[in-house]
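Enquirer: Kindly return the folded structure for what I paste below:
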Amino acid sequence: VQLQASGGGLVQVGGSLRLSCAASGGTFSRYIMGWFRQAPGKERDIVATITWNRGSTTYTDSVKGRFTISRDNAKNTVYLQMNSLKPEDTAVYYCAARRPWNDQYDYWGQGTLVTVSS
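Expert: Next up is the predicted model:
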């Protein structure tokens with residue numbers, strides 16, 4: 001299983017970016033997909049999750065109302081639409097996948113850097 005994250009970049013405060021995570025090498029219909037982020041000097045934290053089959057979502061409080069996670073089953077791709085970006089959103093963003101019965105994520109993509117300038 002491979003996950004390929006893309007879409008990071010430099011954006012001004014209040015701007016938007018859309019991250020993509022292309023999945024390959026497996027059957028993802030039962031996976032839970034997650035976006036994580038790690039800011040400089042901090043631990044990696046969960047941002048949002050989505051289930052492939054029903055599209056059920058969860059968000060960390062700090063991004064609710066600003067970020068939207070979605071998936072395109074035909075393309076095996078998960079997205080993270082990020083609006084109203086703030087400097088504190090600056091981080092390396094990672095996508096990951098886990099089977100529903102696992103507590104830990106099984107597969108990780110490489111990170112994509114998001115920098116929000118003020």
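Enquirer: what's next to stretch 11-18, contact-wise?
Expert: Stretch 11-18 has contacts (Cβ atoms under 8 Å, 6 or more residues apart in numbering) with 7-9, 79-87, 114-118. From N, CA and C alone the C-beta is placed, and that goes for glycine too.
Enquirer: hmm, which of these are the buried ones?
Expert: Using 16 or more other Cβ atoms under 10 Å as the burial test, the contacts of stretch 11-18 include 7-8, 79-80, 82, 85, 114-116 as buried.
Enquirer: Spatially central, which residue of the protein would that be?
Expert: In the chain, the residue lying closest to the centroid (Cα atoms, centre = their mean) is W35, at 2.6 Å.
Enquirer: For that residue, I want the exact helix or strand it lies within.
Expert: strand 32-38 (DSSP states H and E).
Enquirer: Mind listing what's buried along that strand?
Expert: Neighbour-count burial for strand 32-38, counted by 16+ other Cβ under 10 Å, picks out 32-37.
Enquirer: Of those, which is the nearest to G26?
Expert: Nearest to G26 among the buried residues of strand 32-38 is M33, at 11.8 Å by Cβ to Cβ.
Enquirer: Against L17, how distant is that closest one?
Expert: 18 Å (Cβ to Cβ, to the nearest Å).
Enquirer: do V11 as well
Expert: Applying Cβ to Cβ to V11 and L17 gives a distance of 5 Å.
Enquirer: same deal with R99?
Expert: R99 is 29 Å from L17, by Cβ to Cβ.
Enquirer: neighbour-wise, which of these two wins?
Expert: More neighbours surround L17 than the other of R99 and L17, with 20 against 12 (other Cβ atoms under 10 Å).
Enquirer: residues near the nearest residue to A22 once chain neighbours are set aside, how many?
Expert: Using Cβ to Cβ, 6 or more residues apart in numbering and skipping residues adjacent in sequence, the residue nearest A22 is Q4, 4.6 Å away. Per other Cβ under 10 Å, the neighbour tally for Q4 reads 14.
Enquirer: Q4 reaches L19, doesn't it?
Expert: No - with contact defined as Cβ atoms under 8 Å, Q4 does not count as touching L19 (11.1 Å).
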